[in-house]
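[1] Pasted the sequence and its predicted model underneath.
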Amino acid sequence: MLDAEFFRRWLTAAAALVDEEAARLTELDSAIGDADHGANLQRGFTAVTAALAAGTPATPGAVLITAGKELISKVGGASGPLYGTLLRRTGKALGDAPEVAPGDFAAALREGVAAVAALGGARAGDKTMLDALEPAVAVLGDSTDTFEAARDAAGQGALETIPMRARKGRASYLGERSIGHEDPGAASSALLMAALAGAVRP
Ligand code: ADP
Ligand code: MG
């Protein structure tokens, strides 16, 4: 079972990975966007870590809703509302259970990803974060062993955005010139899934 502490560990690990990879995320965004994705997420996840350090909410759902609110209020740009929605919707789907089974979390995260697609109007193949998130949630299952498969699927999905032409977000303004670069949001989503797998065995 996964408790609130597991979810705090996940998001704290995600914040550390975002810190480590901020320069790479910004570099990816400088190729097909406006070079702020690393800084945007660093600001957001720093706020998430601070909010959770001030006191871990009692339930998994409350941890994710708290984190989602921080991302929405602190991250400028497209990715803040999208990542905020991902975590808030996942948290809402978990309800107020003090512990959740991996399979219930997988189902909740699928709802979160669907909410991202609904908010941004994007789908797989549009060269966005969804190209990492959708393959990841597709392989999440009833055991935490599947979290590693989700990490790998997200990483692979992010790489597969390289030959894609962007159809959503700022990168879509580049048309053909968006081809040949990894999508920054897909890259950061892969970090989020890597942090999830890493949180299983502290
Ligand atoms: P901005 O584009 O406003 O500068 P960021 O640089 O923080 O915001 O985030 C850019 C990332 O957001 C993109 O790489 C892409 O993955 C994601 N993104 C942008 N628009 C959408 C959308 N409509 N649906 C899903 N993801 C999107
Ligand atoms: Mg940007």
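    Now that the structure is in, tell me what you want to look at. Residues are numbered from 1 along each chain as shown. Ligands and ions are numbered 1, 2, ... in the order given.
[2] For ligand 2, what's the nearest residue on this structure?
    Scanning the chain for the residue nearest ligand 2 gives residue 33, at 3.9 Å (criterion: C-beta to the ion). For glycine as for every other residue, the C-beta is placed from the backbone atoms N, C-alpha and C.
[3] what about that residue, distance to residue 40?
    Taking C-beta to C-beta, to the nearest Å as the measure, residue 33 falls 10 Å from residue 40.
[4] contacting residues around stretch 81-90?
    Identification of contacts with stretch 81-90 by C-beta atoms under 8 Å, 6 or more residues apart in numbering yields 41, 44, 64-65, 67-72, 75, 105, 108-109, 111-116, 119-120, 129, 133, 185.
[5] Narrow those residues to those in strands?
    In strands, judged by DSSP state E, none of the contacts of stretch 81-90 are found.
[6] end-to-end on stretch 119-126?
    Taking C-alpha to C-alpha, to the nearest Å, the first and last residues of stretch 119-126 lie 14 Å apart.
[7] cool, stretch 92-109 as well?
    10 Å.
[8] Mind listing what's buried along that stretch?
    Neighbour counts over stretch 92-109 (16 or more other C-beta atoms under 10 Å) mark 92-94, 100, 102, 104-109 as buried.
[9] and the residue lying closest to residue 139 once chain neighbours are set aside, which of the three is it?
    Distance criterion C-beta to C-beta, 6 or more residues apart in numbering; nearest residue to residue 139, sequence neighbours excluded, is residue 149 at 4.5 Å. State at residue 149, reduced to three classes by DSSP: H, G, I helix; E, B strand; the rest coil: helix.
[10] Next one: residue 149, what pLDDT does it get?
    For residue 149, the model assigns a pLDDT of 98.
[11] okay if I get the buried residues of stretch 92-109 as CSV plus pLDDT and distance to ligand 2?
    Shown next, in CSV, are those (pLDDT from 0 to 100; distance: C-beta to the ion, whole Å):
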residue, pLDDT, distance to ligand 2
92, 98, 27
93, 98, 28
94, 98, 30
100, 98, 33
102, 98, 33
104, 98, 33
105, 98, 29
106, 98, 29
107, 98, 31
108, 98, 28
109, 98, 24
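[12] By proximity to ligand 1, which residue of the protein wins?
    Residue nearest to ligand 1 within the chain (C-beta to the nearest ligand atom): residue 185, separated by 1.9 Å.
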